[in-house]
Structure formats: structure tokens, C-alpha cells
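K.L.:
Predicted model, plus sequence, below.
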Amino acid sequence: MELLLSVAESAHRLGIGKTRFFELLKAEELHAVRLGGRTLIPIAELERFVAQLPPRTRSHSPRAASVRVRRGALP
């Protein structure tokens with residue numbers, strides 16, 4: 001069972017690019033751990049982030065458009 005994901009894997013599961021993912025880390029909207037020089041994201045942190053996202057509305061706000069979650073991306 002995976003507990004930690006790479007930045008690339010995490011960004012892919014959220015359906016965003018690595019640049020946008022690093023922006024979320026810098027803004028402290030997501031939290032990562034460092035292990036042996038690697039930046040890793042706990043799956044529980046991705047689940048927390050997704051759970052706190054506002055529901056999608058008909059008006060496409062910049063935030064809603066920039067963070068789209070792929071269906072079935074998280075276990």
C-alpha cells in the first residue's frame with residue numbers, strides 16, 4: 001500500500017501540472033515531507049486537500065478551473 005507519492009504522481013492524480021502543484025505547496029495549500037532529498041506527498045494529504053475544495057459551480061472561477069480532480073484518481 002502506497003503511503004507517499006512523488007510530486008509527479010500527486011499532480012497527475014489531481015489532474016494538474018507539476019508547476020501548479022508546486023504553487024499549491026508554496027501557498028501552503030498542500031503539505032509535503034522530505035525524505036532522502038525527495039519531496040513526497042502523503043496520500044492522506046491529497047485526500048484532505050480534495051475534501052476541502054469548494055463544490056463546482058456553473059460560474060467557472062479561476063480556482064475551480066485551475067484545480068480539477070480526475071474521477072477515480074484517489075483510492
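P.N.:
Structure received. Numbering: from 1, shown residues only.
K.L.:
buried stuff in stretch 28-40?
P.N.:
Leu30, Ala32, Leu40 (16 or more other C-beta atoms under 10 Å). Where C-beta positions appear, they are placed from N, C-alpha and C, glycine not excepted.
K.L.:
what ranges do the strands span in the protein?
P.N.:
Taking DSSP state E to define them, one finds strands in the chain at 4-6, 33-35, 38-42.
K.L.:
can you tell me which of these comes nearest to Arg13?
P.N.:
strand 4-6 (7.1 Å; C-beta to C-beta).
K.L.:
same for the closest one, what does it pack against?
P.N.:
Of the remaining helices and strands, those touching strand 4-6 by 3 or more C-beta pairs under 8 Å, 6 or more residues apart in numbering; DSSP states H and E are strand 38-42, helix 43-52.
K.L.:
what do you get if the cut-off is 7 Å, keeping everything else the same?
P.N.:
Where contact means 3 or more C-beta pairs under 7 Å, 6 or more residues apart in numbering; DSSP states H and E, strand 4-6 is packed against strand 38-42.
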